[in-house]
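Engineer: starting from these lines, generate the structure:
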Amino acid sequence: MLTEDNFRFARQCGATHLVVHLTDYFSRRASSGRDNQPVGGEEGWGPAGDPDRLWTFEELSDLKRQVRAHGLELYAIENFDPAFWYDILLDGPKKFQQMENLKELVRRAGRAGIPCIGYNFSLAGVCSRIEGPFARGGALSVGMDGVDQTPVPKGMVWNMVVDAGAEKGPQPTVTTESFWQRLAWFLKELLPVAEEAGVVLAAHPDDPPAQIVRQTPRLVYKPDLYQKLLDLAPSPSNQLEFCLGTLAEMAEGDVYEATDRYSRQKKIAYIHFRNVRGKVPRYHEVFLDEGDVDMFRILAILNKNQYDGVLIPDHTPQMTCAAPWHAGMAYAMGFMRAAIQQIEKTESRNRE
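Structural biologist: All right, here's what the predicted structure looks like:
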């Protein structure tokens, strides 16, 4: 979707910055639905990329130039391709070489002037979701109706196949403590390189935020665990990919308190601006103005704490028209811009 037309569309919606995905989640269904979010299932989203084909500096810098030509800034890349780091997640024999590859990717992003890379340290990834007419007027969206505990098969990580020839059977089990240790090693190795490159690593909470999904542990399934991640490796490059929808889905914690806490710490790299109804294990993603979260209250908290980073509409319900994804995104962007202007006007009046 990184096309000239979509860059123009984003600018027309009032976008100033872009957060892009370079991983192809849709190769299994290339003929349809490429502009919707993948839902998953036991077979995953399809094959991951080529572990030996890292994104090049030339590709990244060329994309940066294309984006700038449309009056936009390329702010972040969201998600490493699972092919690049699956043995880091699995604590497998290739983790040391894969870490060197991630270090090179971070250096290339820094050289290209891309200041942030988002990631989700997870084995099962985004899964256990269903699709249906869950938003207003029957708009197509996603949700959750119970936690999928089907074991993740060998050869699959982050809902994508990294080894099609892997032997049959489930992945070996791992304890939550051991998985935190894997994350600690990842941060210890990569953060110094990120600091030197001028790149922030932004951690996404687990979506869906259940403690165990597909028989694998989740690390950030309640807001306080974000603090554990930050304290694990204090660094200006250790920050958060702050997903409001995921935080609202959490069975524990308060999304407003979390927004205040982490924005006061200046630890939010960028924000997924999304609304939901319900909490794990049953919730639906809905339009920004019909969910459980008061999005104006969120913006007021961010404004009070002088957050000046990027907000993105994340995924949105699909609207019934010739361009369902574009219509949903345009609606979300219109709401966001109007809400931000209202917050700013209210602050200006209060100062007078």
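Engineer: hey, let's count contacts and neighbours off CA atoms from now on
Structural biologist: Will do.
Engineer: helix or strand: which one has the closest residue to residue 129 other than its chain neighbours?
Structural biologist: Closest residue to residue 129 apart from its sequence neighbours, by Cα to Cα, 6 or more residues apart in numbering: residue 144 at 4.8 Å. Element membership for residue 144 (DSSP states H and E) is strand 139-145.
Engineer: adjacent strands (with direction) for the very next helix or strand once past that strand?
Structural biologist: Next helix or strand after strand 139-145 toward the C-terminus (DSSP H and E): strand 156-157. Neighbouring strands of strand 156-157 in its sheet, by DSSP bridges, are strand 160-161 (antiparallel).
Engineer: pull whatever helix or strand comes next after the partner strand out as PDB, backbone CA atoms only.
Structural biologist: Once strand 160-161 ends, the next helix or strand along the chain (criterion: DSSP H and E) is helix 176-197. Extracted in PDB, the C-alpha atoms of helix 176-197 (Å, rounded to 0.1, in the frame of the first residue of the first chain):
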ATOM      1  CA  THR A 176       6.800 -16.400  31.400                       C
ATOM      2  CA  GLU A 177      10.000 -15.800  33.400                       C
ATOM      3  CA  SER A 178      12.200 -17.400  30.700                       C
ATOM      4  CA  PHE A 179      10.400 -15.300  28.000                       C
ATOM      5  CA  TRP A 180      11.200 -12.100  30.000                       C
ATOM      6  CA  GLN A 181      14.800 -13.200  30.000                       C
ATOM      7  CA  ARG A 182      14.800 -13.500  26.200                       C
ATOM      8  CA  LEU A 183      13.400  -9.900  26.100                       C
ATOM      9  CA  ALA A 184      16.100  -8.700  28.400                       C
ATOM     10  CA  TRP A 185      18.800 -10.100  26.200                       C
ATOM     11  CA  PHE A 186      17.200  -8.600  23.100                       C
ATOM     12  CA  LEU A 187      17.100  -5.100  24.700                       C
ATOM     13  CA  LYS A 188      20.600  -5.400  26.200                       C
ATOM     14  CA  GLU A 189      22.000  -6.300  22.700                       C
ATOM     15  CA  LEU A 190      20.000  -3.900  20.500                       C
ATOM     16  CA  LEU A 191      19.500  -0.800  22.600                       C
ATOM     17  CA  PRO A 192      23.100   0.400  22.500                       C
ATOM     18  CA  VAL A 193      23.100   0.200  18.700                       C
ATOM     19  CA  ALA A 194      19.700   2.000  18.600                       C
ATOM     20  CA  GLU A 195      21.000   4.800  20.800                       C
ATOM     21  CA  GLU A 196      24.100   5.200  18.600                       C
ATOM     22  CA  ALA A 197      21.900   5.200  15.500                       C
END
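Engineer: show me how far helix 176-197 is from its chain's centre.
Structural biologist: 18 Å (Cα atoms, centre = their mean, to the nearest Å).
Engineer: now swap in stretch 325-343 and tell me
Structural biologist: Stretch 325-343 sits 19 Å away from the centroid of its parent chain (Cα atoms, centre = their mean).
Engineer: contacts for that stretch?
Structural biologist: With contact meaning Cα atoms under 8 Å, 6 or more residues apart in numbering, stretch 325-343 is reached by 13-15, 35-36, 287-288, 296, 299-300, 303, 313, 315-319, 321.
Engineer: among those, which ones are in helices?
Structural biologist: 296, 299-300, 303 (DSSP state H).
Engineer: please indicate which of those are buried?
Structural biologist: 299-300, 303 (16 or more other Cα atoms under 10 Å).
Engineer: now, which of those sits nearest residue 197?
Structural biologist: residue 303 (29.0 Å; Cα to Cα).
Engineer: any idea how far residue 79 is from residue 187?
Structural biologist: The gap separating residue 79 from residue 187 is 15 Å, by Cα to Cα, to the nearest Å.
Engineer: who has more neighbours out of those two?
Structural biologist: The neighbour comparison of residue 79 against residue 187 (other Cα atoms under 10 Å) goes to residue 187, with 22 against 18.
Engineer: list the residues that contact that one.
Structural biologist: Per Cα under 8 Å, 6+ apart, neighbours of residue 187: residue 233.
Engineer: what pLDDT does it get?
Structural biologist: Looking at residue 187, its pLDDT is 98.
Engineer: try residue 46
Structural biologist: Confidence score, pLDDT, at residue 46: 83.
Engineer: for residue 25, same thing?
Structural biologist: 83.
Engineer: same question, residue 143
Structural biologist: As predicted, residue 143 sits at a pLDDT of 94.
Engineer: bridged to it, which residues?
Structural biologist: Bridge pairing for residue 143 - DSSP bridges - gives residue 130, residue 284.
Engineer: quick one: the most centrally placed residue in the chain from residue 318, how far?
Structural biologist: Centroid-nearest residue in the chain, with Cα atoms, centre = their mean: residue 204, separated by 5.3 Å. Separation of residue 204 from residue 318 (Cα to Cα): 23 Å.
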